[in-house]
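A.B. asks: Give me coordinates for this.
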Amino acid sequence: MPDYDLESALDTDYYSVFEGIPHDDRAAWERARGFVDETLPDVNGYWDRAEYPVHLVKRMGELNLLADGIEVPGLQPMSPLAAGLVNMEVSRGDGSLGTIVAVQGGLALRSIAFHGSPEQKDRWLGPLARGEELGSFALTEPDHGSDSVSLETTARQDGGEWVLDGEKKWIGNGASGGVTVVWARDEDGNVRGFLVEQDTPGYEAEVIEGKGSLRAIHQARIRLNGVRVRAENVLPGARTFKDTSRVLVATRLGVAWSALGHATAAYEAALAYAQQRVQFGKPLANFQLVQDRLSQMLAELTSMQLHCVHLARLDAEGRMHPTQASMAKYHNTRKARLIASTARDLLGGNGILLENHVIRHMMDIESIHTYEGTESVQALLIGRDVTGVGAFV
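C.D. replies: Residues are numbered from 1 along each chain as shown. This is a model prediction of the structure:
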């Protein structure tokens, strides 16, 4: 048994940001809370062994936690606020599980919902949202991360088929079976989307090993060697990189919510530890320096909550601008790193033990900080918006 109880949710809400949220949104949050309570005793083991608990994808699908606000026939739709709360809560439990929501629902499912044909939607939306099939989103390449617009994977037509060649890297679910949304440049220079089932000849994927972050989900390096794709597996609505970006922008706010989940877990663990850990004859919470650190963390956490809830409302009203999502991602991942670092320090040596959870969140937030657009890229997007001057080159 661990020496301290640092798992219990404390429902931190100093400004009553979540007070009065609609019943359906709270119900989605409670489903996610139940899933976290169910899985939290095991997540350290999965993370430590670098083991991907694929069965939990199906479990999240059973609880309707994967749709990320996309309307899927047969499933109760989630508002932007509900989708955000699910992202937050699942990430409060574990970053790898939160990344499953981002990849399966935020990217793969959304690509098909935004750009797929009616037949493609019938085939994939339900199975992906229910966790019956795994989905991945293959955009990033070994030489193209922040400059993914420069992707080199090619797609050429050959009769009634398309032939794909190239490499992808850091692709969640890319070697786990299921379908991969592959983004490639056609012979006219346009970026197109293709649905590639992972057992297709020429699709070769290997799990990336040696990660110190998000260890409980597998990311893959993919090689596409003459992969032949039938015409009916081309996403008809994806014809330029702007269409790809539409998917990325829609999921960026979800990353801000995920960062909030990590920060919440770290802050609440630090607060609980400070109340339980006794040094020099009294709990740490009795010391001025500790109270100052907790106050700093709470102030940052509250700011993160305000960013997320306000933008969820703008999103629901159709008034959220892409760079506003960039601002939320930029702000929240920076603050989550700070909160996790402070919490780790407050726990002292116990802060590096997986059983106390903080070190896992501290390491996982490093990936959240980078994917869906690095801090630097988000800053340049915001800077271009406020100055009218692009500074990318």
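
A.B. asks: In stretch 346-358, which of the residues would be classed as buried?
C.D. replies: 346-347, 350-351, 353, 356-358 (16 or more other CB atoms under 10 Å). Glycine gets a C-beta too; all of them are placed from N, C-alpha and C.

A.B. asks: Quick one: mean pLDDT over the helix or strand in which residue 124 is found.
C.D. replies: Using DSSP states H and E, residue 124 falls within helix 118-129. Mean per-residue pLDDT for helix 118-129: 97.

A.B. asks: Can you name the residues in contact with it?
C.D. replies: 61, 64, 66-67, 70, 72-75, 104-105, 108-109, 112-113, 116, 132-135, 179, 195, 232-233, 235 (CB atoms under 8 Å, 6 or more residues apart in numbering).

A.B. asks: if you set the cut-off to 10 Å instead, what comes out?
C.D. replies: 57, 60-61, 64-68, 70-75, 104-105, 108-113, 115-117, 132-135, 178-179, 181, 195, 232-237 (CB atoms under 10 Å, 6 or more residues apart in numbering).

A.B. asks: If we go by neighbour counts, what in the strand or helix carrying residue 255 is buried?
C.D. replies: Assessed by DSSP H and E, residue 255 sits inside helix 241-276. Residues 241, 243-244, 246-275 are the ones in helix 241-276 that count as buried (16+ other CB under 10 Å).

A.B. asks: Same question for stretch 113-132.
C.D. replies: In stretch 113-132, counting by 16+ other CB under 10 Å, buried: 113-117, 120-121, 123-131.

A.B. asks: now could you export just the CA positions of the helix holding residue 124 as CSV?
C.D. replies: Provided in CSV are the C-alpha atoms of helix 118-129 (Å, rounded to 0.1, in the frame of the first residue of the first chain):
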residue,chain,number,x,y,z
PRO,A,118,-21.2,9.1,-46.5
GLU,A,119,-20.0,5.6,-47.1
GLN,A,120,-16.8,6.2,-45.2
LYS,A,121,-18.7,7.7,-42.3
ASP,A,122,-21.1,4.8,-42.2
ARG,A,123,-18.1,2.4,-42.1
TRP,A,124,-15.9,4.1,-39.6
LEU,A,125,-17.6,6.6,-37.3
GLY,A,126,-19.5,4.2,-35.1
PRO,A,127,-16.7,1.6,-34.7
LEU,A,128,-14.1,4.2,-33.9
ALA,A,129,-16.3,6.1,-31.4
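
A.B. asks: same for the very next helix or strand once past that helix, what does it pack against?
C.D. replies: Using DSSP H and E, the helix or strand that follows helix 118-129 in sequence is strand 135-138. If you count contacts as 3 or more CB pairs under 10 Å, 6 or more residues apart in numbering; DSSP states H and E, strand 135-138 packs onto helix 110-115, helix 118-129, strand 161-172, strand 179-185, strand 191-197, strand 203-207, strand 219-230, helix 241-276.

A.B. asks: In CSV: the ones you listed, plus distance to residue 17.
C.D. replies: Converted to CSV, the helices and strands packed on strand 135-138 look like this (distance: least, CB to CB, whole Å):
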stretch, distance to residue 17
helix 110-115, 26
helix 118-129, 28
strand 161-172, 30
strand 179-185, 34
strand 191-197, 37
strand 203-207, 39
strand 219-230, 33
helix 241-276, 10
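
A.B. asks: So which of the ones you listed is nearest residue 38?
C.D. replies: helix 241-276 (16.0 Å; CB to CB).

A.B. asks: Can you show me the helices along the stretch 1-150 of the chain?
C.D. replies: Assigned by DSSP state H, counting those that start in this stretch, the helices in the stretch 1-150 of the chain fall at 23-49, 55-62, 80-93, 95-100, 110-115, 118-129.

A.B. asks: quick one: which of those helices is nearest residue 318?
C.D. replies: helix 80-93 (10.1 Å).

A.B. asks: May I have that closest one exported as CSV, CA atoms only?
C.D. replies: Extracted in CSV, the C-alpha atoms of helix 80-93 (Å, rounded to 0.1, in the frame of the first residue of the first chain):
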residue,chain,number,x,y,z
PRO,A,80,-17.7,21.3,-26.6
LEU,A,81,-17.8,21.7,-22.8
ALA,A,82,-18.6,18.1,-22.2
ALA,A,83,-15.9,17.0,-24.6
GLY,A,84,-13.4,19.2,-22.8
LEU,A,85,-14.4,17.9,-19.4
VAL,A,86,-13.9,14.3,-20.6
ASN,A,87,-10.4,15.2,-22.0
MET,A,88,-9.6,16.9,-18.7
GLU,A,89,-10.8,14.1,-16.5
VAL,A,90,-9.3,11.2,-18.4
SER,A,91,-5.9,13.1,-18.5
ARG,A,92,-6.2,13.7,-14.7
GLY,A,93,-6.1,9.9,-14.5
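
A.B. asks: That helix packs against which elements?
C.D. replies: By 3+ CB pairs under 10 Å, 6+ apart, helix 80-93 packs against helix 23-49, helix 55-62, helix 95-100, helix 241-276, helix 288-316, helix 358-370.

A.B. asks: From residue 10, how far off is residue 69?
C.D. replies: For residue 69, the distance to residue 10 (CB to CB, to the nearest Å) stands at 27 Å.
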